[in-house]
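Trainee: need a 3D model of the sequence below.
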Amino acid sequence: MKLKTLTLFLILFSTSISFAFWGSPINIKLPEPIEWSGFVPILIDLNKEVKNGDKLELYINNSLAMTIKPLSDVSLSRVSTRIRATENPTVADVKIRYADGSKDTGSASSSVESPYNVPSEGDSNKKYKLKAKNGKLRMLYLNNMGETSHLNRLELNTDKGLITVEFTPLMSGKDGSVYDSSFPESMRGRPMTGYFELEGNFNSAKLKASYSN
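Mentor: Alright, predicted model coming up:
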């Protein structure tokens, strides 16, 4: 299976974008309006790098969706992922607490016609596809991210140190949806999955551990 994550990510964005003001410490992009409520691409640009001792949290309508903690010599400058739009409007908030005690926040919102219903039943699927090169780490995961059981913690071992990532069911997961006729022919019929991408100062990475509750 070839990774075409950048193409998929750009296609999932509509031409209109909701974003925080550029020049702020955290800039967030969401498609406007949201068409695929279970697979909403979100792009988080960090004007101040997140490093060892810092913590980045992503909230969707005030509920925690993801937490990222870089360790050792790792520094992060961008996060891309897919979330679930469970309410209209969907509001994404990013909160960063730095090692020195200071904080930064960013916010963006978008409308969705049909909010997503998180699956009640989960699974323990730990299958994934990971690729890291030239400062970009990309990962597809096949867990369905249900309420009762879901992928909730990853430990990514890079050449600069460890990155821990924690998920809740507000993150996208494989639910049987496939790319339809609105996508390029080469993608049609393929399953839509959970996905995230980190950009930073590393050149290689391996999945050290994964946990499902």
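Trainee: from Pro184, how far out is Ala65?
Mentor: The span separating Ala65 from Pro184 equals 28 Å under the rule Cβ to Cβ, to the nearest Å. C-beta coordinates here come from the backbone N, C-alpha and C atoms, glycine included.
Trainee: tell me which of the two has more neighbours.
Mentor: Using other Cβ atoms under 10 Å as the criterion, Ala65 and Pro184 rank with Ala65 on top: 22 against 12.
Trainee: pick out the residue closest to the middle of this protein.
Mentor: With distances taken as Cα atoms, centre = their mean, the residue of the chain nearest its centroid is Thr81 (2.3 Å).
Trainee: remind me, longest strand of the chain?
Mentor: Among the elements of type strand in the chain, defined by DSSP state E, the one spanning the most residues is strand 40-51.
Trainee: and the residue with the largest distance to the centre of the chain, helix, strand or coil?
Mentor: Outermost residue of the chain with respect to the C-alpha centroid, by Cα atoms, centre = their mean, is Asp100; its distance is 25.6 Å. Three-state call for Asp100 (DSSP: H, G, I helix; E, B strand; the rest coil): coil.
Trainee: pLDDT score assigned to it?
Mentor: Listed pLDDT for Asp100 reads 96.
Trainee: just to revisit the earlier point, which helix or which strand is home to the residue nearest to the centre of the chain?
Mentor: Per DSSP states H and E: Thr81 is located in strand 75-83.
Trainee: what's the first helix or strand after that strand?
Mentor: Toward the C-terminus, strand 75-83 is succeeded by strand 90-97 as the next helix or strand (DSSP H and E).
Trainee: sheet partners, orientation included, of that following strand?
Mentor: If you go by DSSP bridges, strand 90-97 pairs up with strand 55-60 (antiparallel), strand 103-110 (antiparallel).
Trainee: for the shortest one, list every residue counted as buried.
Mentor: Of the residues in strand 55-60, those buried by neighbour count under the rule 16 or more other Cβ atoms under 10 Å are 56-60.
Trainee: residues making contact with it?
Mentor: Strand 55-60 is contacted from outside by 42, 44, 46, 50, 64-69, 76, 79, 81, 83-86, 90-97, 170, using Cβ atoms under 8 Å, 6 or more residues apart in numbering.
Trainee: quick one: strands adjacent to the following helix or strand past it?
Mentor: Once strand 55-60 ends, the next helix or strand along the chain (criterion: DSSP H and E) is strand 63-70. Each strand that strand 63-70 pairs with, and the sense of that pairing, follows from DSSP bridges: strand 55-60 (antiparallel), strand 161-167 (antiparallel).
Trainee: by mean pLDDT, flag the weakest helix or strand of the chain.
Mentor: Comparing helices and strands within the chain by mean pLDDT, DSSP states H and E singles out helix 5-12 as the least confident, with a mean of 47.
Trainee: are any of the contacts of strand 55-60 buried, and which?
Mentor: Applying 16+ other Cβ under 10 Å to those flags 42, 44, 46, 50, 65-69, 76, 79, 81, 83-86, 90-96, 170 as buried.
Trainee: quick one, what contacts Ser210?
Mentor: If you count contacts by Cβ under 8 Å, 6+ apart, Ser210 has them with 126, 128, 151, 153-155.
Trainee: check Val50 too.
Mentor: Taking Cβ under 8 Å, 6+ apart as the definition, contacts of Val50 comprise 56, 68, 70, 75-77, 96.
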